[in-house]
Structure formats: structure tokens, C-alpha cells
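Asker: kindly generate the corresponding structure for this input.
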Amino acid sequence: MNPVIDRLKIFFLGLFFVLTIGIFVVHYVWIWPGQQCEQAHNWWDWRTRTCAHPIPISDITGRLIKDDASRDAAKAALADSRAKQAQKP
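Answerer: Just a heads-up that it's a prediction; the model follows:
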């Protein structure tokens with residue numbers, strides 16, 4: 001058999017295994033943690049691989065929400081988020 005064919009066969013098999021390992025690493029490091037974070041209703045930052053809990057802007061700025069409907073919606077969202085965090089094992 002031609003030695004070029006043997007070398008090409010080994011090259012493409014090696015390339016296949018390297019790409020397969022690379023895809024597994026990407027999934028293990030970025031994709032699967034991101035999916036788990038988003039299932040917990042948190043925010044996932046893929047650059048720093050950080051799973052962050054959302055905080056209402058009124059908590060950061062200290063300003064009150066003057067609209068009653070908006071305030072009730074924010075409180076309900078916060079209570080829902082805390083309940084889901086409490087259920088998390």
C-alpha cells in the first residue's frame with residue numbers, strides 16, 4: 001500500500017480524536033455549566049464562567065419603585081427566584 005495513504009489515514013484519525021476531545025472539553029467547561037445555571041434561573045457569563053443571581057436594580061441604586069404594579073411584579077419575581085433557590089439541592 002502507498003505510504004502516503006497510511007500517513008493520511010493516521011493524520012485524519014488523529015485529527016478526529018483531537019476535535020472530539022476539544023468538543024467534549026468545550027461542553028464540559030462552558031455548555032453544561034451554562035445550562036445548569038440557566039435552569040436555576042440565574043445568569044450565565046461564558047467569558048468568566050460565572051453563574052450570577054439576578055439582583056433588582058432598585059437594590060443596587062437604593063431608589064424606590066414608585067409604580068405599584070411594577071413594585072408588586074418585582075417583589076413577586078424576587079420571591080419566585082428565592083423560592084427556586086431554596087428548592088435547589
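Asker: so how far is the helix or strand harbouring residue 6 off the chain centroid?
Answerer: Counting by DSSP states H and E, the element that carries residue 6 is helix 3-26. Relative to its chain's centre, helix 3-26 lies at 29 Å (C-alpha atoms, centre = their mean, to the nearest Å).
Asker: pLDDT averaged over that helix - what is it?
Answerer: The average pLDDT within helix 3-26 is 96.
Asker: tell me the angle the next helix or strand after that helix makes with helix 3-26.
Answerer: Per DSSP H and E, the first helix or strand lying C-terminal to helix 3-26 is helix 32-39. Inter-element angle recorded for helix 32-39 and helix 3-26: 30 degrees (by axes from the mean of the first three to the mean of the last three C-alpha atoms, to 10 degrees).
Asker: in helix 32-39, what counts as buried?
Answerer: 33-34, 37 (16 or more other C-beta atoms under 10 Å). In short, each C-beta sits where N, CA and C put it, glycine included.
Asker: so what does that helix touch, helix or strand wise?
Answerer: When contacts are defined as 3 or more C-beta pairs under 8 Å, 6 or more residues apart in numbering; DSSP states H and E, helix 32-39 packs onto strand 43-45, strand 50-52.
Asker: would you turn those into a markdown table with distance to residue 66, mean pLDDT and mean neighbour count?
Answerer: Below are the helices and strands packed on helix 32-39 laid out as a markdown table (distance: least, C-beta to C-beta, whole Å; pLDDT from 0 to 100; neighbours: other C-beta atoms under 10 Å):
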| stretch | distance to residue 66 | mean pLDDT | mean neighbour count |
| --- | --- | --- | --- |
| strand 43-45 | 26 | 91 | 13 |
| strand 50-52 | 27 | 92 | 12 |
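Asker: quick check: which of those is nearest to residue 10?
Answerer: strand 43-45 (39.1 Å; C-beta to C-beta).
Asker: what pairs with the closest one, parallel or antiparallel?
Answerer: Sheet pairing of strand 43-45 (DSSP bridges) gives strand 50-52 (antiparallel).
Asker: can you pull out the residues in contact with the helix or strand that the partner strand is followed by?
Answerer: Scanning forward in sequence from strand 50-52 by DSSP H and E, the next helix or strand is helix 57-61. Residues from elsewhere that reach helix 57-61 (C-beta atoms under 8 Å, 6 or more residues apart in numbering): 64-65, 74.
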